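>>> No letters, just coordinates:
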Ligand SMILES: Cc1cc2nc3c(=O)[nH]c(=O)nc-3n(C[C@H](O)[C@H](O)[C@H](O)COP(=O)(O)OP(=O)(O)OC[C@H]3O[C@@H](n4cnc5c(N)ncnc54)[C@H](O)[C@@H]3O)c2cc1C
Ligand code: SF4
Ligand code: SF4
Ligand code: SF4
């Protein structure tokens with residue numbers, strides 16, 4: 001019966017590692033494929049046919065149907081009152097506000113961080129507000145869950161409050177791995193349009209390092225220079241922090257075009273208003289269109305919060321002193337969110353991208369297939385320049 005996990009199905013497997021972590025024999029290993037994504041491989045000589053791996057796999061429709069919430073989405077536009085926390089985050093700083101409330105109860109928080117000084121994304125456990133900075137900000141690459149599902153189970157058994165943030169497919173893997181509801185677990189996901197290959201990010205980092213030497217602290221959504229959604233930045237030894245308009249980064253061009261997402265992202269079962277988490281956070285794209293009187297708030301980022309469960313609604317209510325909350329609707333929030341209705345369309349170039357990368361290298365691709373187009377440059381022009389442009393036009 002463990003056929004799916006055995007099949008190593010490259011198209012559907014999310015790489016969540018729930019099967020690996022549940023296996024009592026430790027006979028599942030995650031191996032990297034040619035594209036740089038992890039897939040399970042079973043050592044059949046020690047497998048005892050217990051089928052646990054298949055029982056926790058979110059690809060199996062019967063498993064998935066057990067963990068989707070009923071559709072009860074309440075929707076808010078929101079931002080963190082603490083400007084420093086908001087600036088350090090990708091959109092409105094809602095992740096940080098929820099994490100702070102978990103630490104106030106002596107709880108623990110799981111989320112995505114760079115691995116030490118290396119630019120490799122993985123899920124980690126933090127126990128103090130001093131470490132929140134590690135999880136803040138979107139890392140646009142697939143993160144590996146390591147052994148965090150087992151750690152979560154341990155924490156819950158020890159009576160701790162636990163918050164887990166991740167992609168919807170990671171949350172699905174976690175919930176199936178746990179195999180029962182825990183009152184003290186809060187699951188937070190985001191609207192997700194796909195996770196790129198760690199191999200491509202690594203090639204991009206190598207490409208940058210030719211000019212700048214060793215880099216660290218890569219931020220895809222640095223607001224420090226001029227606000228929301230404008231800059232990608234990284235730290236260098238020789239020249240300090242370097243910032244680039246995000247639309248001019250060849251890696252981000254390929255990301256927006258969906259050239260190197262995991263195959264499962266193009267068939268994703270979680271790109272809908274049916275959610276597996278208690279709370280879904282995202283950017284509130286187009287907020288100023290629905291609330292012109294508050295448009296200036298876009299400068300430092302506005303999040304959308306969708307609360308999916310009664311627990312989610314409690315979490316939102318408990319943040320009311322730390323977060324500005326504005327009632328909104330699913331139809332407004334989803335206007336600019338294709339990933340709430342369908343998976344990212346798989347571009348034809350995805351068929352040959354990885355072969356092209358192998359054969360020609362990232363530098364060649366940056367000058368050809370990943371060249372910034374005017375559209376991307378405009379889209380990520382700092383908001384203050386865009387408003388001057390609009391005023392001049394008017
Ligand atoms: C790969 C990816 C795709 C996304 N797609 C969309 C989208 O289509 N539409 C949209 O509106 N928003 C999308 N987001 C979410 C968005 O970028 C912000 O994370 C969200 O607005 C929350 O912002 P914040 O200011 O509250 O928190 P932030 O401080 O930005 O917190 C980020 C949270 O995301 C988690 N995280 C960061 N990177 C990863 C990762 N690689 N894997 C798992 N967890 C991660 C961190 O652990 C942290 O909990 C995406 C994020 C990622 C990482
Ligand atoms: S059937 Fe059981 S022992 Fe075999 S790989 Fe799956 S979890 Fe491991
Ligand atoms: S989706 Fe997760 S549980 Fe299923 S085979 Fe892939 S890694 Fe294992
Ligand atoms: S798009 Fe779907 S499959 Fe891809 S990372 Fe997001 S939730 Fe997982």
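The structure has been received and is ready for your questions. Quick caveat, the model's predicted, so the values are computed rather than measured. Ligands and ions are numbered 1, 2, ... in the order given.
>>> Now do the strands in this protein.
Along the chain, the segments classed as strands by DSSP state E run 28-32, 38-42, 74-80, 108-114, 121-126, 162-165, 185-190, 215-222, 231-236, 240-245, 279-283, 303-307, 323-328.
>>> Throw those into TSV and include distance to ligand 2 and mean pLDDT, thanks.
Using the backbone N, CA and C atoms, a C-beta is placed for each residue, glycine as well. Formatted as TSV, the strands of the chain follow (distance: least, CB to the nearest ligand atom, whole Å; pLDDT from 0 to 100):
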stretch	distance to ligand 2	mean pLDDT
strand 28-32	5	95
strand 38-42	5	94
strand 74-80	38	96
strand 108-114	23	98
strand 121-126	21	98
strand 162-165	22	98
strand 185-190	23	98
strand 215-222	36	93
strand 231-236	40	92
strand 240-245	45	90
strand 279-283	30	97
strand 303-307	34	96
strand 323-328	42	96
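>>> Which one, of those strands, ends up nearest to residue 146?
Set against residue 146 and scored by CB to CB, the strands of the chain come closest in strand 121-126, at 5.5 Å.
>>> That closest one close to ligand 3?
No: contact of strand 121-126 with ligand 3 (CB under 6 Å from any ligand atom) is absent, the minimum separation being 13.5 Å.
>>> helices and strands around that strand, which ones?
Contact here means 3 or more CB pairs under 8 Å, 6 or more residues apart in numbering; DSSP states H and E; on that basis strand 121-126 packs against strand 108-114, helix 132-135, helix 148-157.
>>> That strand: how far from the chain's middle?
Its chain's C-alpha centre and that of strand 121-126 lie 12 Å apart, by CA atoms, centre = their mean, to the nearest Å.
>>> per the record, what domains does the chain have?
With domains defined by automatic domain parsing, the chain comprises 3-66, 67-195+261-340, 198-259+348-393.
>>> Tabulate those (TSV), appending mean neighbour count.
TSV is the format used below for those (neighbours: other CB atoms under 10 Å):
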stretch	mean neighbour count
domain 3-66	17
domain 67-195+261-340	20
domain 198-259+348-393	17
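>>> weakest of those in terms of mean pLDDT?
Of all those, domain 198-259+348-393 carries the lowest average pLDDT, namely a mean of 86.
>>> that older thread, looking at the helices and strands packed on strand 121-126, which is closest to ligand 4?
In terms of CB to the nearest ligand atom, the element of the helices and strands packed on strand 121-126 nearest to ligand 4 is strand 108-114, at 11.5 Å.
>>> residues contacting residue 24?
For residue 24, the contact set (CB atoms under 8 Å, 6 or more residues apart in numbering) comprises 48, 50, 52.
>>> quick revisit: will you turn the strands of the chain into JSON lines that also has distance to residue 358?
Output for these, formatted as JSON lines (distance: least, CB to CB, whole Å):
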{"stretch": "strand 28-32", "distance to residue 358": "14"}
{"stretch": "strand 38-42", "distance to residue 358": "18"}
{"stretch": "strand 74-80", "distance to residue 358": "43"}
{"stretch": "strand 108-114", "distance to residue 358": "25"}
{"stretch": "strand 121-126", "distance to residue 358": "22"}
{"stretch": "strand 162-165", "distance to residue 358": "33"}
{"stretch": "strand 185-190", "distance to residue 358": "31"}
{"stretch": "strand 215-222", "distance to residue 358": "23"}
{"stretch": "strand 231-236", "distance to residue 358": "25"}
{"stretch": "strand 240-245", "distance to residue 358": "26"}
{"stretch": "strand 279-283", "distance to residue 358": "33"}
{"stretch": "strand 303-307", "distance to residue 358": "38"}
{"stretch": "strand 323-328", "distance to residue 358": "45"}
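>>> To residue 198, which of these lies closest?
When the strands of the chain are compared (using CB to CB), the closest one is strand 121-126, at 7.0 Å.
>>> Just the terminal-to-terminal distance for stretch 117-137.
Start-to-end span of stretch 117-137 (CA to CA, to the nearest Å) is 16 Å.
>>> Would you mind saying which of the domains of the chain lies nearest ligand 4?
Going by CB to the nearest ligand atom, the one of the domains of the chain nearest ligand 4 is domain 67-195+261-340, 3.1 Å.
>>> How far does that closest one sit from its chain's centre?
On the basis of CA atoms, centre = their mean, domain 67-195+261-340 sits 9 Å off its chain's mean C-alpha point.
>>> Now do the end-to-end distance for that domain.
The first and final residues of domain 67-195+261-340 sit 18 Å from each other (CA to CA).
>>> quick one: contacts for the residue in the chain positioned nearest to ligand 1?
With CB to the nearest ligand atom, the shortest gap between the chain and ligand 1 falls at residue 111, namely 2.5 Å. By CB under 8 Å, 6+ apart, the contact set of residue 111 is 95, 99, 123, 124, 126, 134, 135, 164, 165, 166.
>>> just residue 166 next, same as before
Taking CB under 8 Å, 6+ apart, one finds 110, 111, 112, 123, 143, 145, 174, 188, 189 in contact with residue 166.
>>> didn't the last one look like it was pressed against residue 282?
No: applying CB atoms under 8 Å, one finds residue 189 not in contact with residue 282, separated by 9.4 Å.
>>> Residue 49 - nearest residue in space that isn't next to it in sequence?
Residue nearest to residue 49 in three dimensions, not counting chain neighbours: residue 2, with 7.4 Å by CB to CB, 6 or more residues apart in numbering.
>>> Kindly reformat the contacts of residue 24 as a markdown table and extend each row with distance to residue 344.
What follows is those, written out as a markdown table (distance: CB to CB, whole Å):
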| residue | distance to residue 344 |
| --- | --- |
| 48 | 39 |
| 50 | 35 |
| 52 | 31 |
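>>> Contact partners for the nearest residue in space to residue 228 that is not next to it in sequence?
Nearest non-adjacent residue to residue 228, counting by CB to CB, 6+ apart: residue 301, 4.5 Å away. Neighbouring residues of residue 301 by CB under 8 Å, 6+ apart: 79, 86, 89, 90, 91, 92, 93, 223, 227, 228, 229, 283.
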